[in-house]
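Colleague: fold the following for me, if possible:
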Amino acid sequence: MTAGLLISAARSGAGKTTVTLGILAALVRRGIRVRAAKAGPDYIDPAFHAAATGSPCVNLDSWTMPPALLASLVADAADATDLLVVEGVMGLFDGVPGVAGREGSSANLAAQFSLPVLLVLDVTAQSQSAAAMVRGFASHDPDVRVAGVVLNRVGSDRHRGLITDAIARLGVPVVGAIPRNETFGLPERHLGLIQAGEHGDLAAHLDRLAEMAEKYLDLDAIVAMAGPIERSRSNESAALPPPGQRIALASDAAFSFIYPHLLDSWRRAGAEIVRFSPIANQAPPDNCDVCWLPGGYPELHAATLASAQTFRDGLVRFAQTRPVHGECGGYMVLGEGLEDADGVTHAMTGLLGHTTSFQKRRLHLGYREARLLAQSPIGAAGTVLRGHEFHYASLISAGSDDPLVDLSNAQGQPVAERGGRRGHVTGTFFHAIAQIEA
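Modeller: Below is the predicted model of the structure:
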């Protein structure tokens, strides 16, 4: 039976991604069959997990995903592997108020799938007080078991000894202590880490993290603390129906944010994914019956996209007879223009009437529930979806297109962004994760 483990932390920025990647890379070196999953709707960490393990990484989210879908994704991830390592999101118990067990927290996953927790603590500027934090996390929820602790950013051997001795009285083992070292981190930009495919020497960095894990972590103890995963699958586990039989998917450095579980569910339903690159000035293939422009970083490639005449003309022709849908970055490219960080506005495809700006940056972040106002590639009119919004771009001109969605946040409060629709073209900043009601 496959074993599972959840790596979490007291807060964001404590180093859980670094620790997770080090453990994954080191276990792969040892010949252990290991796969990774990521709690929450993050797009970027899973690509690093996949690079470390050589296997796809799936997102697991208790707020956006119905329980049957979540259980099926865990079962799929546990297939043909010895160990499933789930990296948590934010702090262990951080989520949104709502239905018990569906707050979107890492703790939800630990409780539902009986995953022992490896807690990463950033011990900068503290010593014995770390034991009080461990005591609190270990006792906060009886359904969540903290099985071990990794100390991160330790200042010295004396520092490590003070903390380890204090925690030892709690009966929770300290299974590693990593010194402060800036080279262990990964470069970041405005949406978090840079993408795995853009890292200058990712293989060498993963090697360094594997060596870090071998040197500073008790990997045998970490593997031993993993617990068995009970698997279940359901016929009601489809995330979204495929938007077409042959789906033209924009796929390059500007369009890279699409959830693997969506592509997998579409393929299982018999759909074919045909990738093309707008940055390489490729048009959507004419033998496809729907085009999907996912999120990514079009603001970093606005000039290239503006000059990609074959792509732009081909997309306009495609949209005359077949559906085209854009999410977040894809939605930005469907508009009239995109203002880059320097304040230069680049002409986009003009299939919808809005204009967006990356210069006037404001963070839009959070869970979203959407009710579709019209038929689109993400569902029929009246369908309710859950997903996520995460971008810094802002609408500087909303245009006059009909709205696509009514949006609310996780607390049920209305959200102003409503997307747009015109003819066969639809788009929204909202990233769909799963259908809740048809």
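
Colleague: using CSV, write out every CA atom in the host helix or strand of G22.
Modeller: For G22, the host element (DSSP states H and E) is helix 16-29. Taking Å, rounded to 0.1, in the frame of the first residue of the first chain, the C-alpha atoms of helix 16-29 are listed here in CSV:
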residue,chain,number,x,y,z
LYS,A,16,8.4,24.2,3.0
THR,A,17,8.9,24.3,-0.8
THR,A,18,12.7,24.1,-0.4
VAL,A,19,12.4,21.2,2.1
THR,A,20,9.9,19.4,-0.1
LEU,A,21,12.0,19.6,-3.2
GLY,A,22,15.1,18.5,-1.3
ILE,A,23,13.3,15.5,0.1
LEU,A,24,11.8,14.6,-3.3
ALA,A,25,15.1,14.9,-5.1
ALA,A,26,17.0,12.9,-2.5
LEU,A,27,14.5,10.1,-2.4
VAL,A,28,14.5,9.8,-6.2
ARG,A,29,18.3,9.5,-6.0
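
Colleague: show me how the record splits the protein into domains.
Modeller: With domains defined by automatic domain parsing, the chain comprises 3-228, 246-437.

Colleague: could you redo those as CSV and give each row mean pLDDT and mean neighbour count?
Modeller: The C-beta positions use only the backbone N, C-alpha and C, and glycine is treated the same way. Shown next, in CSV, are the domains of the chain (pLDDT from 0 to 100; neighbours: other C-beta atoms under 10 Å):
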stretch, mean pLDDT, mean neighbour count
domain 3-228, 92, 19
domain 246-437, 95, 19
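
Colleague: can I get those domains in CSV with distance to A239?
Modeller: Output for these, formatted as CSV (distance: least, C-beta to C-beta, whole Å):
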stretch, distance to A239
domain 3-228, 6
domain 246-437, 5
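
Colleague: nearest to S234 among the ones you listed would be which one?
Modeller: Nearest to S234, of all those, is domain 3-228, at 3.8 Å by C-beta to C-beta.

Colleague: so who does the nearest residue to A283 once chain neighbours are set aside touch?
Modeller: By the measure of C-beta to C-beta, 6 or more residues apart in numbering, the closest residue to A283 outside its immediate chain neighbours is G314, 2.2 Å from it. Applying C-beta atoms under 8 Å, 6 or more residues apart in numbering to G314 gives the contacts 282-284.

Colleague: ranges for the helices of the protein?
Modeller: Counting by DSSP state H, the chain has helices at residues 16-29, 44-53, 67-78, 106-112, 129-139, 157-168, 202-216, 219-225, 260-268, 302-306, 309-319, 329-334.

Colleague: redo these as CSV? Include distance to D401.
Modeller: Shown next, in CSV, are the helices of the chain (distance: least, C-beta to C-beta, whole Å):
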stretch, distance to D401
helix 16-29, 39
helix 44-53, 30
helix 67-78, 31
helix 106-112, 37
helix 129-139, 48
helix 157-168, 57
helix 202-216, 40
helix 219-225, 52
helix 260-268, 25
helix 302-306, 20
helix 309-319, 13
helix 329-334, 10
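
Colleague: C291: which of those is closest?
Modeller: Evaluated over the helices of the chain, closeness to C291 peaks at helix 309-319, with 5.5 Å, by C-beta to C-beta.

Colleague: using CSV, write out the CA atom coordinates for that closest one.
Modeller: What follows is helix 309-319, C-alpha atoms only, in CSV (Å, rounded to 0.1, in the frame of the first residue of the first chain):
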residue,chain,number,x,y,z
GLN,A,309,0.3,38.3,-36.9
THR,A,310,-0.2,34.7,-37.9
PHE,A,311,-1.4,33.9,-34.4
ARG,A,312,-3.7,36.9,-34.2
ASP,A,313,-5.2,36.5,-37.7
GLY,A,314,-5.6,32.7,-37.2
LEU,A,315,-7.4,33.2,-33.8
VAL,A,316,-9.8,35.8,-35.3
ARG,A,317,-10.6,33.3,-38.1
PHE,A,318,-11.1,30.5,-35.6
ALA,A,319,-13.4,32.6,-33.5
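
Colleague: picking up where we left off before, could the contacts of G314 go into a markdown table alongside distance to A125?
Modeller: Converted to a markdown table, the contacts of G314 look like this (distance: C-beta to C-beta, whole Å):
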| residue | distance to A125 |
| --- | --- |
| Q282 | 51 |
| A283 | 55 |
| P284 | 53 |
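
Colleague: now, among those, which is nearest to A39?
Modeller: Closest approach between the contacts of G314 and A39, by C-beta to C-beta: P284, at 33.4 Å.

Colleague: who's in contact with the closest one?
Modeller: 248, 250, 276, 291, 314-315, 318, 324.

Colleague: list the contacts of D313.
Modeller: By C-beta under 8 Å, 6+ apart, the contact list for D313 reads A283.

Colleague: look up how far Q282 lies from it.
Modeller: 12 Å (C-beta to C-beta, to the nearest Å).

Colleague: now swap in D340 and tell me
Modeller: 22 Å.

Colleague: measure the closest residue to D122 other than its chain neighbours to P243 for me?
Modeller: Take D122 and drop its neighbours on the chain: the residue closest to it by C-beta to C-beta, 6+ apart is A14, 4.1 Å away. In this view, A14 and P243 are 39 Å apart by C-beta to C-beta.
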